[in-house]
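Asks: Below is the sequence, then the predicted model.
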Amino acid sequence: MGKENLIKSKSSIEKQLEKGGKKSKPQKYILHLYVAGLSPRSQTAIENIRKICGEYLQGRFKLVIQDIYQNPIIARNGQILAAPTLVKKLPLPLRKFVGDMSDNKKLLVGLDLRSKD
């Protein structure tokens, strides 16, 4: 009885692996970058995130850059406490990154584009 269940489990696992072997549709990323005017840190963050998106998310991202000086309400509504802040809205889970986005490894891991190793 235990062996039969194990065999059934194996075949269901094999089926899942076969399904997983097919290419899935790449996920689209929705990113919001909150900046504070044209400060050097804001400009660096914009350059760095555009570079990462261009290199790792070609054609499957939407980047919205929002200036909290021009529209402070968006900072309050988005619970943004510091700038620059990058918010990954999709794919879930939602994640926030604060700073000039210069730590590529940390950013790629946080965006699920690279493993932690």
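Replies: Yep, it's here. Numbering: from 1, shown residues only.

Asks: Run through the helices of this structure in chain order.
Replies: 2-21, 40-56, 72-77, 104-110 (DSSP state H).

Asks: For the protein, give me the ranges with low pLDDT.
Replies: Counting by pLDDT under 70, the low-confidence segments of the chain come to 1-24, 117.

Asks: List the residues that contact the closest residue in space to K88 that isn't next to it in sequence.
Replies: Using CB to CB, 6 or more residues apart in numbering and skipping the chain neighbours, the partner closest in space to K88 is R95 (4.5 Å). No exception for glycine: its C-beta is placed from N, CA and C like everyone else's. Contacts for R95 (CB atoms under 8 Å, 6 or more residues apart in numbering) come out as 87-88, 110-111.

Asks: how about a cut-off of 10 Å?
Replies: 31, 86-89, 107, 110-112 (CB atoms under 10 Å, 6 or more residues apart in numbering).
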